[in-house]
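Sequence plus predicted model, see below.
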Protein chains: 2
Amino acid sequence: MSRRLTVVGLGPGRADWCTPAVTARLAEATDLVGYAPYLAMVDQAHPARRHPSGNRVEADRAGQALDLAAAGGDVVVVSSGDPGVFAMASAVLEQLDLHPDRWQDVDIDIQPGITAAQAVASRVGAPLGHDFCIISLSDVLKPWTIIERRLDAAAAADFVIAIYNPRSKRRPHQFTDALTVIARHRHPSTPVVVGRQVGRDDETITITDLAHLDPDAIDMSTIVVIGSSTTRVLERSVGSCVYTPRSYSAPNVTGDAPLSSTRS
Amino acid sequence: MSRRLTVVGLGPGRADWCTPAVTARLAEATDLVGYAPYLAMVDQAHPARRHPSGNRVEADRAGQALDLAAAGGDVVVVSSGDPGVFAMASAVLEQLDLHPDRWQDVDIDIQPGITAAQAVASRVGAPLGHDFCIISLSDVLKPWTIIERRLDAAAAADFVIAIYNPRSKRRPHQFTDALTVIARHRHPSTPVVVGRQVGRDDETITITDLAHLDPDAIDMSTIVVIGSSTTRVLERSVGSCVYTPRSYSAPNVTGDAPLSSTRS
């Protein structure tokens, strides 16, 4: 009787970005639980029982996984990216918190993974090389006022900003609204990296700037990284790079403009 | 003639957190360049020439690696964690930016790794399960006024805050100053996770809160994760967990206090 629930992150698609710790847990599992497209990424040779589910049923999926573990299973909940970043680790812990008397003897283990922002960053250089934040624009679980406030604060304080879940069909205007907030504090020439399906066969990575960023090119499989005032694009004959210097007094800092907050 | 420079992240210490992509690059390398303690983490059976260097010589190390690659090497610069987060990827790109006429035909590849904040988070649950930021407190390369402003903005906008390089012997007071800034916006009971030497044999993880956080327990091998107003500690018979719910309307939100900014 194992009674273990491990929440793993496969990383963002590429098999060789999945850690050996995750691979080992998958090999030991009696049951694999997860959003169907993520389960499909796990080698079909694994003998574990598979329990695929749809999108937006995280609470039910977490409860199912905890039940399977409580019944003696060695259960692995499969996330893509890092399960601790807008993913299933919180969903499992929320269920434990809501039902303190259930699943008491289930051991919980979280195995981290490369999250999408890291993968996108690595494809172009090092835009996350200095202070940064990661924000989800999804308002399914938090009010837009909170999102707007966080974007404003992060932009005013000159963080690099990585945006997850940037634009869904249901709320196409919000990404544009987010850019309006950011543009209060950032120059139109601020570098922007758009990564789509990163780590997958149909991956595309685009380097642009705030002025030329096309909202119609953004969807839920996209990660958008907005540079800080010091982020630079480096044109090279073998391809362009984007990076944020380690030093804040980088040569390209264009006066105080990007740092002047609209707050007063 | 390879002329390739790959910057890799080993992750935070544990061998099974290092991605297969990184392992493959290490196996192919003709030269390994890096801070000596990180090179020592790479299997000594690798036949590559090793070029260890001291701390705080990132620019020289990057130049040396680029020179070796330009001379035809298949060079790997070894970072711990993620090389794109406060690490060698930016240092390499800075050198390319400073010397646009040198190293033009060197291919640059960055291979991401698990960064320390993810590892610390995974050890306790999912404190980074909602919007978060990562800030380095080192003022070697940026002025303290910028750091203070970012801490204030991140705390006011209720981000979870992961702090890197929190406290050195040279600037012990700054961590205390940082906590003072954060305390303007966060309740004393806000959960705090302190991870020391995460992924190493002497790893320690402490769950505490803002009121009880002991600055003397913090040093440069520590990562400190400060919760948001919604971050919760879950007491379990098998060990405590810390997580930040996916939903912002979590049951523990204690009125508006943590969200009331001192800005006006």
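Noted; the coordinates are in hand.

All the strands of chain A, residue numbers only.
Taking DSSP state E as the criterion, chain A carries its strands at A:4-9, A:31-35, A:49-53, A:74-79, A:107-111, A:125-126, A:132-136, A:160-164, A:191-196, A:204-209, A:222-226, A:232-234, A:241-243.

Direction included, what does the fourth one pair up with?
Sheet neighbours of strand A:74-79, with direction, are listed as strand A:4-9 (parallel), strand A:31-35 (parallel) (DSSP bridges).

Could you identify which of those is most buried?
strand A:4-9 (a mean of 28; mean count of other CB atoms under 10 Å in any protein chain shown). In short, each C-beta sits where N, CA and C put it, glycine included.

would you list the strands of chain A in CSV and tack on distance to A:Ala21 and mean pLDDT?
Listed next are those as CSV, based on distance: least, CB to CB, whole Å; pLDDT from 0 to 100:
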stretch, distance to A:Ala21, mean pLDDT
strand A:4-9, 8, 98
strand A:31-35, 16, 97
strand A:49-53, 21, 97
strand A:74-79, 12, 98
strand A:107-111, 5, 97
strand A:125-126, 25, 98
strand A:132-136, 22, 97
strand A:160-164, 23, 98
strand A:191-196, 25, 98
strand A:204-209, 27, 97
strand A:222-226, 24, 97
strand A:232-234, 34, 97
strand A:241-243, 29, 97
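
Comparing the ones you listed, which comes out most buried?
strand A:125-126 (a mean of 30).

does chain B sit close to that strand?
Yes: contact of strand A:125-126 with chain B (CB under 8 Å from any CB of the partner chain) involves A:Gly125, A:Ala126.

other SSEs contacting that strand?
strand A:241-243, helix B:88-98, strand B:107-111 (3 or more CB pairs under 8 Å, 6 or more residues apart in numbering or on different chains; DSSP states H and E).

Mind checking those for the one nearest to A:Ser79?
Closest to A:Ser79 of the helices and strands packed on strand A:125-126, according to CB to CB: strand B:107-111, at 21.0 Å.

and that closest one with chain A, contact?
Yes: using CB under 8 Å from any CB, strand B:107-111 reaches chain A at B:Asp107, B:Ile108, B:Ile110, B:Gln111.

got the contact list for the first one?
The contact partners of B:Asp107, taken as CB atoms under 8 Å, 6 or more residues apart in numbering or on different chains, are A:Val238, B:Arg3, B:Arg4, B:Leu5, B:Ala69.

tally of neighbours for the last one?
For B:Ala69, the count of nearby residues is 28 (other CB atoms under 10 Å in any protein chain shown).

ok so, going back, closest to A:Ser122 out of the helices and strands packed on strand A:125-126?
Checked against CB to CB, the stretch from the helices and strands packed on strand A:125-126 lying closest is strand B:107-111, at 4.1 Å.

Between helix B:88-98 and that closest one, find me the angle.
Per axes from the mean of the first three to the mean of the last three CA atoms, to 10 degrees, the angle that strand B:107-111 makes with helix B:88-98 is 160 degrees.

In the sheet, which strands lie alongside strand B:107-111, parallel or antiparallel?
Partners of strand B:107-111 in its sheet, by DSSP bridges: strand B:4-9 (parallel).

which residues sit against the strand it pairs with?
B:22, B:25-26, B:29, B:65-66, B:69, B:73-84, B:87-89, B:92, B:106-115.

Same question for stretch A:232-244.
A:124-130, A:132, A:160, A:191, A:193, A:207, A:227-228, A:230-231, A:245, A:250, A:252, B:89-90, B:93-94, B:96-97, B:104-108.

I'd like to know which of those are buried.
Using 16 or more other CB atoms under 10 Å in any protein chain shown as the burial test, the contacts of stretch A:232-244 include A:124-130, A:132, A:160, A:191, A:193, A:207, A:227-228, A:230-231, A:245, A:250, B:89-90, B:93-94, B:96-97, B:106, B:108 as buried.

distance between the ends of stretch A:6-23?
Taking CA to CA, to the nearest Å, the first and last residues of stretch A:6-23 lie 12 Å apart.

next one: stretch A:147-164
12 Å.

Whether it contacts chain B - can you check?
Yes: among the residues of stretch A:147-164, A:Arg149, A:Arg150, A:Asp152, A:Ala153, A:Ala154, A:Ala156, A:Ala157, A:Asp158, A:Phe159 lie within reach of chain B under CB under 8 Å from any CB.

With respect to A:Thr180, which of those is nearest?
A:Asp152 (10.2 Å).

With adjacent residues omitted, what lies nearest to that closest one?
A:Val181 (5.2 Å; CB to CB, 6 or more residues apart in numbering or on different chains).

Next one: the one you found, what pLDDT does it get?
Here the pLDDT value assigned to A:Val181 is 97.

for A:Met88, same thing?
Looking at A:Met88, the pLDDT reads 96.

How many residues are close by A:His46?
Neighbours around A:His46, by other CB under 10 Å: 15.

I'd assumed A:Ala24 was in contact with it.
No: between A:His46 and A:Ala24 there is no contact under CB atoms under 8 Å: 11.8 Å.

For A:Thr204, give me its contacts.
A:Val194, A:Gly195, A:Arg196, A:Gln197.

For chain B, state which of those is nearest.
A:Gly195 (12.2 Å; CB to the nearest CB).

what bridges to the closest one?
A:Ile205, A:Ile223.

Can you verify my assumption that it contacts A:Thr115?
No: A:Gly195 lies out of contact with A:Thr115 (CB under 8 Å); the separation is 11.7 Å.

May I have the distance across stretch A:192-208, first residue to last?
End-to-end for stretch A:192-208, by CA to CA: 5 Å.

swap in stretch A:234-246?
End-to-end for stretch A:234-246, by CA to CA: 15 Å.

low-confidence ranges in the stretch 101-250 of chain A?
In the predicted model of the stretch 101-250 of chain A, residues A:250 satisfy pLDDT under 70.

Return the distance of stretch A:105-121 from the chain's centre.
Distance of stretch A:105-121 from the chain centroid (CA atoms, centre = their mean, to the nearest Å) equals 10 Å.

How about stretch A:54-72?
For stretch A:54-72, the distance to the chain centre is 22 Å (CA atoms, centre = their mean).

again with stretch A:9-19
With CA atoms, centre = their mean, you get 13 Å for stretch A:9-19.

CA atoms of it as PDB?
C-alpha atoms of stretch A:9-19 as PDB (Å, rounded to 0.1, in the frame of the first residue of the first chain):
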ATOM      1  CA  GLY A   9       5.700  18.700 -14.200                       C
ATOM      2  CA  LEU A  10       6.700  17.300 -17.600                       C
ATOM      3  CA  GLY A  11       8.200  20.700 -18.600                       C
ATOM      4  CA  PRO A  12       7.000  22.500 -21.700                       C
ATOM      5  CA  GLY A  13       6.800  19.600 -24.200                       C
ATOM      6  CA  ARG A  14      10.300  18.500 -25.100                       C
ATOM      7  CA  ALA A  15      11.100  15.100 -23.700                       C
ATOM      8  CA  ASP A  16      14.600  16.100 -22.800                       C
ATOM      9  CA  TRP A  17      13.400  19.000 -20.600                       C
ATOM     10  CA  CYS A  18      11.600  16.500 -18.300                       C
ATOM     11  CA  THR A  19      13.700  15.800 -15.200                       C
END
